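> Sequence and predicted structure below; questions after.
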There are 2 protein chains.
Amino acid sequence: MGCSELSATGKPKSEPPKRISRLEPEKRKKLLVEKAVEFFSEEGFEAGTRELARRLGVSQPLIYRYFDSKDDLVNEVYRKVYVSQWNDAWTATICDRQLPLRARLLDFYESYSQAIFNRRWMRIFFFAGLRGLDINTRYIGRVGELIIKPICGELRHEIGLSRDMPITDAEMELAWIMHGTMFYQGIREHIYCTARSVDYSLTATCAVDMYLTTAPPIVREIVEKASR
Amino acid sequence: MGCSELSATGKPKSEPPKRISRLEPEKRKKLLVEKAVEFFSEEGFEAGTRELARRLGVSQPLIYRYFDSKDDLVNEVYRKVYVSQWNDAWTATICDRQLPLRARLLDFYESYSQAIFNRRWMRIFFFAGLRGLDINTRYIGRVGELIIKPICGELRHEIGLSRDMPITDAEMELAWIMHGTMFYQGIREHIYCTARSVDYSLTATCAVDMYLTTAPPIVREIVEKASR
DNA sequence: CAGCATATTTATCAGGTGATAAAAAGCCGA
DNA sequence: TCGGCTTTTTATCACCTGATAAATATGCTG
């Protein structure tokens, strides 16, 4: 009798009595994942399935009709955020020698900023990173292989050096520094929430010009020393 | 029920308190906070008090003799990490005009890196940041006032411009970019755990030189435009 | 309209959480 | 040695969590 936290008369929760209708499994699953991305990116992955269900306007056990476990749902969130946001054209942009390298890098970071430096992505990324998940490590590896390493190759070409010799760690480091300069702006805006609207184009100009002036002499020394 | 994983047998060296004995409240509280920093920095603040107690080798309710609530303990952790790691000499280092600005900045970042860019600090910082806690925002504000703004002032002086006019947002942005370049190295090392040992001195050289070459013309333009 | 398939909900479980009260154990002075 | 004070533990509480099974509601098809 008692134990009615949800009595028929009063609704303590703020949601209006929306009538929930049946949906095709496909449609429902998509809704679940989308809302889960939004939810976990704000509250972290420790947040409860009941609150998620409440925000969706469905009952909590419904989640388990579409996902075997909470972990299963969380993995779907990862996939959605990490995989679907990647743009295969990025590597091509970096390697398209019809433009000068500086212009290519600026083009790339303009596109990359829009795709990656948004609140949802950034927060999911750090929640996952702090958990030490391998999906995070794999993402970083991908950036290394498909962004950072190609940049190093293009810089070698730009300053007239062989691309045969494998890219060294030190060269990668130089490009990571440029990359980090951009990344930090995303952090300030979406994790700190302290920089209202960051000027990514100014940052990109600083970062790219720094790279293009600082890196060449260092790279030249590295390659020449190795080929002696 | 011998639960004696730690026997009383001979170990006369510097680790006598193997036996779980009474401690002065002061000492016990200090131990609790220290271990809590270590624990929460790895597991996040959602981690349970029972596991923390287990690692301390004490019972879980003991924590509540020294802290009113888990939140109380967590706040102590924040205080310990944020407040106690700040070095008042940093601002002085930046403003000591007996050295050229470049040397001052490199000195500062060497000291700052050692204090801040370690695993404990970085992880606590991001766990708190993702929670949106005001202690985090206040820390950033402090960095802005005591690090970034002084740097902007020194740059103005370096290029012979008045320090009377207030520092503009755009000038702050330029110094934040340099700062972020350093910060990202800490992230790579301690959040991503992907860069084994980052070369902070290389990064500092890149970041500082970028700032000292990129910022002056922009600052000059800003100040002159404003004073016309 | 009836009947059926299934999307969704209600009721519930076992285990974990922060927190409290009472019992136990350790320490020190007489 | 004993008594008393304080630290620490044991035994709990109410609540919340992820997850399951049975009951219900919905919409389609004949």
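Alright, I've got the coordinates.

> mind checking how far the longest helix along chain A is from the chain centre?
For chain A, the longest helix by residue count, based on DSSP state H, is helix A:200-227. Relative to the centre of its chain, helix A:200-227 is centred 25 Å away, using CA atoms, centre = their mean, to the nearest Å.

> hmm, that helix in reach of chain B?
Yes - using CB under 8 Å from any CB of the partner chain, helix A:200-227 reaches chain B at A:Leu202, A:Thr203, A:Thr205, A:Cys206, A:Ala207, A:Asp209, A:Met210, A:Thr213, A:Thr214. Bear in mind the C-beta positions are built from the backbone N, C-alpha and C, glycine included.

> so how far is A:Tyr109 from the last one?
Applying CB to CB, to the nearest Å, the value for A:Thr214 to A:Tyr109 is 17 Å.

> higher neighbour count, the two?
A:Tyr109 (25 against 20; other CB atoms under 10 Å in any protein chain shown).

> Secondary structure class of the more buried one, three-state.
helix (DSSP: H, G, I helix; E, B strand; the rest coil).

> mind listing what it touches?
A:Met182, A:Tyr200, A:Ala204, A:Ala207, A:Val208 (CB atoms under 8 Å, 6 or more residues apart in numbering or on different chains).

> So what's the residue count around the nearest residue to the fourth one once chain neighbours are set aside?
When you say that, I think you mean A:Ala207. Excluding its sequence neighbours, the residue lying closest to A:Ala207 (CB to CB, 6 or more residues apart in numbering or on different chains) is A:Thr181, at 3.8 Å. Neighbourhood size, A:Thr181 [other CB under 10 Å]: 28.

> I figured A:Thr181 hits A:Thr214, correct?
No - using CB atoms under 8 Å, A:Thr181 is not in contact with A:Thr214, being 11.5 Å away.

> just so I have it, where are all the helices in chain A?
A:25-43, A:49-56, A:60-66, A:70-78, A:89-95, A:101-116, A:119-131, A:134-143, A:149-158, A:169-187, A:200-227.

> Name the stretch among these that sits most buried.
Ranked by average neighbour count under the criterion mean count of other CB atoms under 10 Å in any protein chain shown, those are headed by helix A:169-187 at a mean of 23.

> Can you name every helix or strand that it contacts?
When contacts are defined as 3 or more CB pairs under 8 Å, 6 or more residues apart in numbering or on different chains; DSSP states H and E, helix A:169-187 packs onto helix A:101-116, helix A:149-158, helix A:200-227, helix B:169-187, helix B:200-226.

> could I have that helix exported to CSV, CA atoms only?
Presented in CSV, the C-alpha positions along helix A:169-187 are these (Å, rounded to 0.1, in the frame of the first residue of the first chain):
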residue,chain,number,x,y,z
ASP,A,169,59.9,9.8,-31.8
ALA,A,170,61.4,13.3,-31.5
GLU,A,171,59.8,14.4,-34.8
MET,A,172,56.5,13.0,-33.6
GLU,A,173,56.9,15.0,-30.4
LEU,A,174,57.2,18.2,-32.3
ALA,A,175,54.0,17.6,-34.1
TRP,A,176,52.2,16.5,-30.9
ILE,A,177,53.2,19.8,-29.4
MET,A,178,51.4,21.7,-32.2
HIS,A,179,48.5,19.4,-31.8
GLY,A,180,48.3,19.9,-28.1
THR,A,181,48.2,23.7,-28.5
MET,A,182,45.0,23.2,-30.4
PHE,A,183,43.6,20.6,-28.0
TYR,A,184,44.1,22.7,-24.9
GLN,A,185,41.8,25.3,-26.4
GLY,A,186,39.1,22.7,-26.5
ILE,A,187,39.8,21.8,-22.9
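
> Distance check, A:Phe183 against B:Ile177.
11 Å.

> cool, A:Pro61 as well?
49 Å.

> ok, now A:Leu155?
Counting by CB to CB - A:Leu155 and B:Ile177 are separated by 21 Å.

> can you list the weak-confidence ranges in chain A?
A:1-20, A:163, A:195-196 (pLDDT under 70).
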